[in-house]
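Asks: any chance you could fold what I've pasted below:
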Amino acid sequence: MIADAESFLTTWAAAADRLGWTTLDLFGVHPVAPASRFDVMGLIPMLRGGTVSALTEQFAAIQCVSGAGQSFRRPNNSGAVLLAGELK
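Replies: A predicted model of the protein is given here:
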């Protein structure tokens, strides 16, 4: 996920900011079920090795590792928390 975040931010950070994507839109997760509540999951956790090929105010097009395309709609992030990890 760190590599996904680095890749996305290198390519899309300015566009995401300009289009109004928030930190929760990108890195949000459900506080109790972060890996399974896709309805509040942000874009970065959804990438899972894929890459963003297009970004609009409401959608991201994802090129999956398998070669399939996936459409991601900005989540309803009410109740979401920022993805956090232990820094070492």
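Asks: distance from stretch 20-37 to the middle of the chain?
Replies: Averaging C-alpha positions (C-alpha atoms, centre = their mean, to the nearest Å) puts stretch 20-37 8 Å from its chain's average.
Asks: list the contacts of it.
Replies: Here stretch 20-37 makes contact (C-beta atoms under 8 Å, 6 or more residues apart in numbering) with 5, 8, 16, 39-45, 55, 57, 74-75, 77, 79-83. No exception for glycine: its C-beta is placed from N, CA and C like everyone else's.
Asks: buried sites along that stretch?
Replies: For stretch 20-37, a neighbour-count test (16 or more other C-beta atoms under 10 Å) marks 21, 24-30, 34 as buried.
Asks: which of the contacts of stretch 20-37 are buried, as a ChimeraX select command?
Replies: Applied in ChimeraX, the following selects the buried portion of the contacts of stretch 20-37 according to 16+ other C-beta under 10 Å:
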select :5,8,16,40,41,42,43,44,45,55,74,75,77,80,83
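Asks: in strands, which of the contacts of stretch 20-37 fall?
Replies: Those of the contacts of stretch 20-37 mapping onto strands are 55, 81-82, per DSSP state E.
Asks: about what we covered before: okay, and which of the contacts of stretch 20-37 map to helices?
Replies: Counting by DSSP state H, the part of those found in helices is 5, 8, 16, 43-45.
Asks: coming back round to it: from the ones in strands among the contacts of stretch 20-37, which is closest to residue 61?
Replies: residue 55 (7.6 Å; C-beta to C-beta).
Asks: I'd say that closest one and residue 17 touch.
Replies: No. With contact defined as C-beta atoms under 8 Å, residue 55 and residue 17 do not form a contacting pair (10.8 Å).
Asks: about what we covered before: out of the buried residues of stretch 20-37, the closest to residue 65 would be?
Replies: Nearest to residue 65 out of the buried residues of stretch 20-37 is residue 26 (C-beta to C-beta; 19.4 Å).
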